[in-house]
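Predicted model and sequence follow; I will ask about them next.
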Amino acid sequence: MTSFLRLYFNRLLPQLIALGIIVVAVSLVFPGFLNLQIQNGRLYGSLVDILNRGAPVVLLAIGMTVVIATKGIDLSVGAVMAICGATAAAAITSGHSLAATLLITLGVGILCGLWNGVLVAVLDIQPIIATLVLMVAGRGIAQLVTEGAILTFNDPGLIFIGSGSFAGLPMPVVIWLVFGTLVAMLVRRTALGMLIEAVGINRQASTLSGVLTPVLLIVAYVLSGLCAAIAGIIAAADIRGADANNAGLWLELDAILAVVVGGTSLLGGRFSIAASVLGAIIIQAINTGILLSGFPPEFNLIIKAAIIVFILVLQSPRFRTAFAFLVPARGASKPSERAAK
Amino acid sequence: MKPKYLPLTATLVIFLLGYVICVAQYPNMLSTRVIGNLLTDNAFLGIAAVGMTFVILSGGIDLSIGSVIAFTGVFLAVVLEHTSLHPLIAFALVLAIATLFGAAMGAVIHYLEMPAFIVTLAGMFLARGMAFVLSIDSIPIKHPFYATLKGLYFKLPGGGRITLIGGLMLLVFAAGILIAHRTRFGTNVYALGGGTATSRLMGVPVAATTIRIYALSGLLAGLSGIVFSLYTSAGYSLAAVGVELDAITAVVIGGTLLTGGSGFVAGTLVGILIQGLIQTYITFDGSLSSWWTKILIGLLLFAFILLQKGIILVSRHRQQRA
């Protein structure tokens, strides 16, 4: 068990170091960064804020990790967030109960994922293109639901999901912690995770060895749709309304970036949900850190680009072969990536 | 008819059918004025889409073009406001920057063996970030040379105008068609789209071709940025968000296979015109809401992907029987 934990820790080490550097750097510039205080039975502080603000991207990154592990990509998650936010607002304002609203919204998210999954698995369309359809049309559908306006609502139960707190933590943080743990347990305590990796490394070989490839692919996209639905509910509950134009706009790119920062290769195969969650937190820490430390926010995108380039170089197969002697511990993951090429 | 012409023909038929339906409902849409505006309004998108066609033909993707358009606009506005450089020199400068930027992305894609998707995503952030650093405001461009350029047009019978930027788009498409079908570079692009390993074995210079493809896409994105700045007379770092998606959509609707290796630059022009036509129809109608544009374009995209899948299946079936 201890060796398992150590392996796990080794896998997350680069992300933890990166997060540590960012937290230390920001707290040097902005001393109040590490302050935490409890008011009205709830934690407050910049660190909690990062966990809270990062909730949508963390949730999207959980689903995106599984999709990317199958050598796919899901561009539609931002649009699905908008559709689900609009659905939740429309359902609650038309008099449905909170439970019914949540069920309907999650159902819509699953349906969106099913559509993507069928396009990829059954019709055998490239994932980028298959999910592009819903990305283009999705925002239109969301506007159709809200009829072009920003639909606001006052239901205290729905608002609680966005701004309430449970056990001292903001509700969005509780949701992604619980959901992320559930998904991670599901894929790692069963053979599911290994089968997903097998599909990502070589789809044909896994099909030939008896893996139900189409079902696994559909499950991956359905999970991504479900994650987007939860993120959409949180985003809508946070502003107490559904904004079909701006909800989740460009968040698909942040989610993909989080997965890449987490060290999961876009070429499919080995994945780590915990690392992707850390990746999303790192991105949010950078965003918040830049704002707090008084840097002009204009530099935000350039710093993001620099980080991607840095990680790309580290992940590049050619760079790894050239500097393999420096990182003997990571050599174990190389053959699988070569096979994926 | 050869199966490779089928998607292009389908696109053309859909455009003509759509136009006939539009004219049947609104006879005024048959005027040269509408056609002239269709070209002018979509000029920047069309020019960028030519570059995207080459990238997609080679089996890649370029997500950075919207950001490059915004960067170009802001760069021009800042340079023209703070220096006394002539706009033509500023144009040359910015085209050089955009081309180098594209070439650099191509080099990273080839030499680091990374997916084009994530490399150009970094490029997208970088270009927009540079635009933000230059200026976060919308800067008007008031140079007299801009007014001269905007005043240039070719008058069509019936009161329509082909403006400078509309004409430029048609020229870029003509050049794109020539490059794709009449030069060695064009042949190499198609070969690369068929498979990197096979094209390397055939003697295609993979490194040089990849770098040139993304350099061309950068150059055309820069040109598109110049056209966009002429069209709006301003530079704004938040402009042209998501243009890359419109361009990709136009390329797919235009019948180019997204896996690369098969398609036509001319199809992209029709793809652009179909998107423009839907928008014009919605403007003419007045009661339809703008979100129908997105839904219709999404449905068209889906229909074309299915059509392409069907064609591939049929041609494979034929090959097996032969």
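Ah, there it is.

Can you name the residue of the stretch 1-150 of chain A nearest to chain B?
In the stretch 1-150 of chain A, no residue comes nearer to chain B than A:Ala137, which is 2.4 Å away by Cβ to the nearest Cβ. All C-beta atoms are positioned from the backbone trio N, CA, C, and that covers glycine.

middle-most residue in the chain, spatially?
I went with chain A, as the question did not name one. For chain A, the residue nearest the mean C-alpha position is A:Ala61 (1.4 Å; Cα atoms, centre = their mean).

hm, I was asking about chain B
Note: chain B centre (Cα atoms, centre = their mean) maps to B:Ala49, 1.1 Å.

That residue against B:Ala250, yeah?
Yes: using Cβ atoms under 8 Å, B:Ala49 makes contact with B:Ala250 at a distance of 4.7 Å.

if we can go back for a sec, how about whatever helix or strand the residue nearest to the centre of chain B lives in and chain A, touching?
Using DSSP states H and E, B:Ala49 maps to helix B:43-57. No: shown here: helix B:43-57 not in contact with chain A (Cβ under 8 Å from any Cβ of the partner chain), separated by at least 10.1 Å.

show me what contacts the spatially closest residue to the residue nearest to the centre of chain A that is not a sequence neighbour?
Distances taken as Cβ to Cβ, 6 or more residues apart in numbering or on different chains place A:Ala258 nearest to A:Ala61, at 4.0 Å, with adjacent residues excluded. Neighbouring residues of A:Ala258 by Cβ atoms under 8 Å, 6 or more residues apart in numbering or on different chains: A:Val57, A:Val58, A:Leu60, A:Ala61, A:Met64, A:Ser276, A:Val277, A:Gly279, A:Ala280, A:Ile282, A:Ile283.

which ones are touching the first one?
Just to be clear, that refers to A:Val57. A:Val57 neighbours (Cβ under 8 Å, 6+ apart): A:Ala231, A:Leu251, A:Asp254, A:Ala255, A:Ala258, A:Ala280, A:Ile283, A:Gln284.

related to what we said a few turns ago, let's see if you can find the most crowded of the contacts of A:Ala258.
Within the contacts of A:Ala258, most neighbours by other Cβ atoms under 10 Å in any protein chain shown means A:Ala61, with 36 neighbours.

Would you state the strands of the stretch 201-341 of chain A in chain order?
A:241-242 (DSSP state E, counting those that start in this stretch).

any weak-confidence spans in it?
A:315-317, A:320, A:322-341 (pLDDT under 70).

What residues does it have near chain B?
Residues of the stretch 201-341 of chain A lying near chain B (Cβ under 8 Å from any Cβ): A:244, A:253, A:256-257, A:260, A:266-267, A:296-306, A:308-309, A:312-313, A:315-319, A:341.

B:Ile162 sits in which helix or strand?
Per DSSP H and E: strand B:161-163 holds B:Ile162.

which residues does residue 127 contact?
By default, I'm working from chain A. Neighbour list for A:Pro127: A:Val67, A:Lys71, A:Gly72, A:Ile73, A:Asp74, A:Val120 [criterion: Cβ under 8 Å, 6+ apart].

if you could check chain B rather than the one you did, that'd help
Applying Cβ under 8 Å, 6+ apart, the residues near B:Ala127 are B:Ser64, B:Ser67, B:Val68, B:Ala70, B:Phe71, B:Phe101.

For those, give me a markdown table that also has pLDDT, secondary structure and neighbour count.
Output for the contacts of B:Ala127, formatted as a markdown table (pLDDT from 0 to 100; DSSP: H, G, I helix; E, B strand; the rest coil; neighbours: other Cβ atoms under 10 Å in any protein chain shown):
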| residue | pLDDT | secondary structure | neighbour count |
| --- | --- | --- | --- |
| B:Ser64 | 94 | coil | 28 |
| B:Ser67 | 94 | helix | 30 |
| B:Val68 | 96 | helix | 35 |
| B:Ala70 | 95 | helix | 27 |
| B:Phe71 | 96 | helix | 31 |
| B:Phe101 | 97 | helix | 25 |
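
and A:Asn40, backbone torsions?
With angles defined as degrees, to the nearest 10, A:Asn40 sits at phi 50, psi 40.

For it, give its distance to B:Ile139.
Distance, A:Asn40 to B:Ile139, using Cβ to Cβ, to the nearest Å: 46 Å.

Show me which of these two is the more surrounded one.
Comparing A:Asn40 with B:Ile139 by other Cβ under 10 Å, the one with more neighbours is B:Ile139, at 19 against 7.

my guess is the more buried one contacts B:Tyr236, does it?
Yes: in terms of Cβ under 8 Å, B:Ile139 counts as a neighbour of B:Tyr236; the distance is 7.4 Å.

got the buried residues for stretch B:206-222?
In terms of neighbour count (16 or more other Cβ atoms under 10 Å in any protein chain shown), stretch B:206-222 has its buried residues at B:206, B:209-222.

Of those residues, which belong to strands?
Among the buried residues of stretch B:206-222, none falls in strands (DSSP state E).

rewinding a little: list only buried entries from the residues of the stretch 201-341 of chain A next to chain B.
A:244, A:253, A:256-257, A:260, A:266-267, A:298, A:300-305, A:308-309, A:312, A:315-317, A:319.

ok, B:Ile133 - contacts?
Just to correct that, residue B:133 is Val rather than Ile. A:Pro296, A:Glu298, A:Phe299, A:Ile302.

Need the nearest residue in space to the residue nearest to the centre of chain B, chain neighbours excluded.
B:Ala247 (4.2 Å).

List the contacts of the one you found.
Contacts of B:Ala247 by Cβ under 8 Å, 6+ apart are B:Leu45, B:Ala48, B:Ala49, B:Met52, B:Ile65.

Check B:Ser138 too.
Shown in contact with B:Ser138 (Cβ under 8 Å, 6+ apart): B:Ala234, B:Gly235, B:Tyr236, B:Ala239.

and the longest helix for chain B?
Using DSSP state H to define each element, chain B has its longest helix at helix B:291-321.

Next, the buried residues of that one.
By neighbour count on 16+ other Cβ under 10 Å, the buried set for helix B:291-321 is B:291-298, B:300-302, B:304-305, B:308, B:311.

do stretch B:76-94 as well
So, applying 16+ other Cβ under 10 Å, buried residues of stretch B:76-94: B:Leu76, B:Ala77, B:Val78, B:Val79, B:Leu80, B:Pro87, B:Ala90, B:Phe91, B:Val94.
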